[in-house]
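# Sequence plus the predicted model coming up.
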Amino acid sequence: MNLLDAVLVAAAGITAGALNTVAGGGTLVTYPVLLLCGVPPVTANITSVVGLAPGYAGAVHAFRPELRGQRHRHLALGPAAVAGAALGAVLLLVTPPGGFAGVVPVLVLVSSLLLLAQPVLAGLMPAAGEDAAARVPWPARAGVFAASVYGAYFSAGLGVLLLAVLGIVLTDPFPRVNALKSSLSLIIVLTAIAVYLASGHVAVGYAAVLLVASYAGGAAGGSVVRRISPAVIRYSAATLGILLALALFLKN
């Protein structure tokens with residue numbers, strides 16, 4: 001890794017950490033940059049996941065106020081996130097690179113459209129009772145599991161998909177849903193890393209640069225996101241997801 005590569009990856013890490021905090025899509029930045037630096041596709045994907053983990057940690061730290069009172073949701077959704085992420089990581093390591101990658105553009109596009117339709121779909125959910133805050137509906141568990149499988153396999157769009165799922169099935173304001181998305185993303189990423197570390201598919205030098213840069217970006221993004229309209233975040237994340245899907249369709 002030369003100096004130019006290090007600077008490019010550091011800039012990508014800061015940007016990706018901030019993006020993942022705001023809504024998701026950080027891998028859209030780091031994955032192409034790692035490919036540009038000559039890292040093989042599977043290694044680039046895994047290195048992105050490993051290197052962006054501190055960005056999620058920085059986001060969780062920044063979202064402490066919004067995460068208060070959501071312990072029951074972590075207890076309910078955490079096991080689904082861990083199980084899904086473990087399955088997705090194993091799938092990535094045992095299947096041919098072109099196998100599951102063929103459906104990735106479709107998944108990113110669907111999740112982006114779900115995010116756009118989130119306000120309408122959320123309005124179709126049954127009216128919440130007084131104890132709604134204490135309940136976690138079963139579609140949330142199923143949705144988090146599916147998003148975790150996808151996120152551990154190909155993390156681009158994970159935040160978009162989680163936002164779409166959580167925003168539809170939960171009744172909280174957007175900032176609290178976004179904070180929960182960040183903490184679940186961290187659980188998913190850490191679970192995937194535990195599987196990946198035994199694979200040898202990690203470009204250590206690039207991962208080290210991303211580890212520092214993404215934490216800085218994540219912490220900064222958590223401070224900025226409170227000043228942005230939820231609608232702007234929603235539409236920006238959905239647009240980013242659609243652009244990613246189109247890029248992947250063209251690549252295939």
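Everything's here; your move. On a predicted model such as this, the values are computed, not experimentally measured, just so you know.
# Spatially nearest residue to G241, not counting backbone neighbours?
Beyond its immediate neighbours in the sequence, the residue positioned closest to G241 (Cβ to Cβ, 6 or more residues apart in numbering) is S112, lying 3.2 Å away. Every residue, glycine included, has its C-beta placed from N, CA and C.
# Helix or strand: which one has the one you found?
helix 104-116 (DSSP states H and E).
# related to what we said a few turns ago, count of residues packed around the residue nearest to G241?
Neighbour count for S112, taken as other Cβ atoms under 10 Å: 25.
# Would you check how far apart it and L190 are?
With distances taken as Cβ to Cβ, to the nearest Å, S112 is found 25 Å from L190.
# got it, and F249?
When Cβ to Cβ is the yardstick, F249 and L190 sit 30 Å from each other.
# Please say which of the two ends up with more neighbours.
Summary of the neighbour comparison: F249 and L190, criterion other Cβ under 10 Å, with L190 having more neighbours (17 against 13).
# The more buried one touches P54, doesn't it?
No. Judged on Cβ atoms under 8 Å, L190 makes no contact with P54 at a distance of 10.7 Å.
# got the contact list for stretch 192-199?
If you take Cβ atoms under 8 Å, 6 or more residues apart in numbering as the criterion, stretch 192-199 is touched by 46, 49-50, 53, 85-86, 88-90, 93, 151-152, 155, 202.
# Show me where this structure dips below the pLDDT cut-off.
Residues of the chain that meet the criterion pLDDT under 70 lie in 22-25, 97-101, 115, 118-135, 221-226, 228-230, 233-234, 237, 252.
# Next up, the contacts around the residue nearest to G241.
157, 160, 164, 237-242, 244-245.
# Narrow those residues to those in helices?
Per DSSP state H, helices hold the following members of the contacts of S112: 160, 164, 237-242, 244-245.
# Buried subset of these as a PyMOL selection?
Buried residues within the ones in helices among the contacts of S112, by 16 or more other Cβ atoms under 10 Å, are selected in PyMOL with:
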select buried, resi 160+164+237+238+240+241+242+244+245
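# Tell me how far T239 lies from R227.
Applying Cβ to Cβ to T239 and R227 gives a distance of 19 Å.
# same thing with L109?
L109 sits 29 Å away from R227 when distances are taken as Cβ to Cβ.
# Look at these two and report which has more neighbours.
Set side by side, L109 and R227 show more neighbours around L109, with 18 against 6, by other Cβ under 10 Å.
# residue contacts, the nearest residue to that one once chain neighbours are set aside?
Across the structure, with Cβ to Cβ, 6+ apart as the measure, the residue nearest L109 apart from its sequence neighbours is A245 (3.8 Å). Applying Cβ under 8 Å, 6+ apart to A245 gives the contacts 105-106, 108-109, 112, 157.
# and which of these is nearest P173?
S112 (21.5 Å; Cβ to Cβ).
# Include distance to N2 when you put the ones in helices among the contacts of S112 into a markdown table, please.
What follows is these, written out as a markdown table (distance: Cβ to Cβ, whole Å):
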| residue | distance to N2 |
| --- | --- |
| V160 | 33 |
| A164 | 39 |
| A237 | 33 |
| A238 | 36 |
| T239 | 34 |
| L240 | 29 |
| G241 | 32 |
| I242 | 34 |
| L244 | 28 |
| A245 | 32 |
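# Start from the N-terminal end of this structure and give the helices.
With DSSP H as the definition, the chain shows helices at residue ranges 3-22, 27-36, 41-62, 64-67, 71-94, 97-101, 104-116, 118-123, 138-153, 158-169, 174-196, 204-225, 230-251.
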